[in-house]
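**Student:** quick one, structure for this:
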Amino acid sequence: MTSRNEDSDVDQGKADERPEARLERAVRVAEQALIEFEIAVETFRVEVDNFSRLHHQKLGPMYARLDELDARIVEARAARSGDPEDLRRAQEARAAVMPMPGVDELFHDWIDSDGLSPEAAAMLTERPVQSPKRVRPGEEARRLYRELVRKAHPDLAREEDERKRREEFITRVNAAYARGEETLLRELSAEWEAGPVPAEERLSESEELYARLEWLAQRKDMLSGLARELEESAIGAMLRMAPEDPDRLLEEIAEQLLAQVSERENELAELVQ
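**Tutor:** Reported below is the predicted structural model:
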């Protein structure tokens, strides 16, 4: 338990503290808060990107099938009635269906420096095509990523050369995290620990500290805007519906789409009898 004299000494110490020291402490707190926020935004962005890829891979063909069936149903009705309005609707429905891709689009990501990708080769030889590997960083990858960003974030640099070094390193960290490569994240962690020790931070002047706080506030606003865009996107909204098990959400949507495809196929079969 502290005495009144000790409390008085602490209060006096705070009162005697230079304004620049208090401002510098506020900058350090703001920097750490911004880094934590940036980690959260980047983690959510990776989740949105991964879910978007899986959504397109698994459900894209079903959506395309539904569009095609809808167009055929309208065309079948128009063929039966011969009504000009039905014919117009049929033309609009057909125009809304995604056209066949061009050659460049068709072979996008099929060919790399080694020739045909394994998926393309399997497709052309009628062998089963293996789905791309599911990418979602695990808990250990998340932990390694957070630690690396906290240590190596460019905002912690005071010299331009050091900032560039950190920016290049964090770019590699982000790429490894987006691919869920836990082993590579461990290697990057060891690389950072073995790297050059940053120079001692020099005492900042109050003008520089105020400018730093202003930049941090602008950076936070930018990240807040990015976070809003991600949350308000269609994929982001879907992720919020099942943050703990997005794969199950995809399965439920797939089941609903399959039921709709079956209904459309039955309806089309009755029309063309």
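
**Student:** so where is the stretch 101-250 of the chain shaky, pLDDT-wise?
**Tutor:** Scanning the stretch 101-250 of the chain for pLDDT under 70 picks out the ranges 101-136, 197-205.

**Student:** that one: helices as residue ranges?
**Tutor:** Counting by DSSP state H, counting those that start in this stretch, the stretch 101-250 of the chain has these helices, from start to end: 103-106, 118-124, 139-152, 160-178, 182-194, 206-232, 234-241, 246-271.

**Student:** can you redo these as JSON lines with mean neighbour count and distance to residue 93?
**Tutor:** The C-beta positions use only the backbone N, C-alpha and C, and glycine is treated the same way. What follows is these, written out as JSON lines (neighbours: other C-beta atoms under 10 Å; distance: least, C-beta to C-beta, whole Å):
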{"stretch": "helix 103-106", "mean neighbour count": "8", "distance to residue 93": "22"}
{"stretch": "helix 118-124", "mean neighbour count": "13", "distance to residue 93": "29"}
{"stretch": "helix 139-152", "mean neighbour count": "17", "distance to residue 93": "45"}
{"stretch": "helix 160-178", "mean neighbour count": "16", "distance to residue 93": "39"}
{"stretch": "helix 182-194", "mean neighbour count": "15", "distance to residue 93": "48"}
{"stretch": "helix 206-232", "mean neighbour count": "14", "distance to residue 93": "30"}
{"stretch": "helix 234-241", "mean neighbour count": "15", "distance to residue 93": "23"}
{"stretch": "helix 246-271", "mean neighbour count": "14", "distance to residue 93": "12"}
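
**Student:** so which of the ones you listed is nearest residue 22?
**Tutor:** When the helices of the stretch 101-250 of the chain are ranked by proximity to residue 22, the top entry is helix 206-232, at 9.8 Å, counting by C-beta to C-beta.

**Student:** residues touching residue 23, list them.
**Tutor:** When contacts are counted by C-beta atoms under 8 Å, 6 or more residues apart in numbering, residue 23 touches 206, 209, 210, 213.

**Student:** likewise residue 83?
**Tutor:** If a contact means C-beta under 8 Å, 6+ apart, then residue 83 has no contacts.

**Student:** please renumber so the chain begins at 44
**Tutor:** Shifting the count to begin at 44 puts that one at residue 126.

**Student:** distance of it relative to residue 120?
**Tutor:** Residue 126 sits 9 Å away from residue 120 when distances are taken as C-beta to C-beta, to the nearest Å.

**Student:** leaving aside the residues next to it on the chain, what's closest to the residue most central in space within the chain?
**Tutor:** For the chain, the residue sitting closest to the mean C-alpha position, by C-alpha atoms, centre = their mean, is residue 88 at 2.3 Å. Counting by C-beta to C-beta, 6 or more residues apart in numbering, residue 88 lies nearest to residue 273, which is 6.0 Å off, once chain neighbours are set aside.

**Student:** for residue 115, same thing?
**Tutor:** Setting aside the residues directly before and after it, residue 115 is nearest to residue 311 in space (C-beta to C-beta, 6+ apart), at 5.5 Å.

**Student:** again with residue 301
**Tutor:** Excluding its sequence neighbours, the residue lying closest to residue 301 (C-beta to C-beta, 6+ apart) is residue 105, at 6.8 Å.
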